[in-house]
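[1] how would this look folded up:
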Amino acid sequence: EVQLVESGGGLVQAGGSLRLSCAASGFTLDDYAIGWFRQAPGKEREGVSCISSSDGSTYYADSVKGRFTISRDNAKNTVYLQMNSLKPEDTAVYYCAADPTCTVVVAAYDYWGQGTQVTVSS
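    This is a model prediction of the structure:
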C-alpha cells in the first residue's frame, strides 16, 4: 500500500523555521517526484515546491523562493521541506504528494499524505 506521512508541523513565530518531513512507504521514492502543497482555510490547495526523481531538480513557487528548500534522502525514503523566515501567510495545512513528474499541478498527483498543520504567529 502506498503511503505518504507528513510530520514536523507546528506553531512558530514569524521569522522562525520548521522542517517538514514526508516519509514514503509501499513504493520506492527513487521512482517518483515529490511535491509539497499547502491549503489555507477558505483557499484552494496550491503548489509550493517539488523535486524530481531523476536529477533532483527543484521548483519553488515565487512566494517561497529563497526561504524554503526541498531535499530528498532516497536511502531513508523521505523528502524534506526546510522552511525559514516564516510569515503569517505561510499558515496552512501542508501536504506532500507523489507523481512520476515534478509538477505543482494538484490534479496530476495520485498519492497524497494526510497533511500537517503549520501555524505562523505574528
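
[2] so the spatially most central residue of the chain bridges to which residues?
    Computing the C-alpha centroid of the chain and ranking residues by C-alpha atoms, centre = their mean puts Trp36 first, at 2.5 Å. In this entry, Trp36 is beta-bridged to Ser49, Cys96, by DSSP bridges.

[3] Quick check, it in contact with Tyr94.
    Yes - proximity of Trp36 to Tyr94 meets the contact threshold set by C-beta atoms under 8 Å, at 6.3 Å. C-beta here means a position set from N, CA and C on the backbone, and glycine is covered the same way.

[4] Report the set of residues contacting both of these two.
    By C-beta atoms under 8 Å, 6 or more residues apart in numbering, Trp36 and Tyr94 have these common neighbours: Leu20, Val48, Leu81.

[5] Any idea how many residues pack against the last one?
    Here the number of neighbours of Leu81 (other C-beta atoms under 10 Å) works out to 26.

[6] So which residue of this protein lies furthest out from the middle?
    Max distance from the centre of the chain (C-alpha atoms, centre = their mean): Ser122, 22.4 Å.

[7] if I look at that residue, how far off is Leu86?
    Computed with C-beta to C-beta, to the nearest Å, the distance linking Ser122 and Leu86 is 11 Å.

[8] Now the common contact residues for those two.
    Common neighbours of Ser122 and Leu86 (C-beta under 8 Å, 6+ apart) are Ala14.

[9] Alright, that wraps it up for me.
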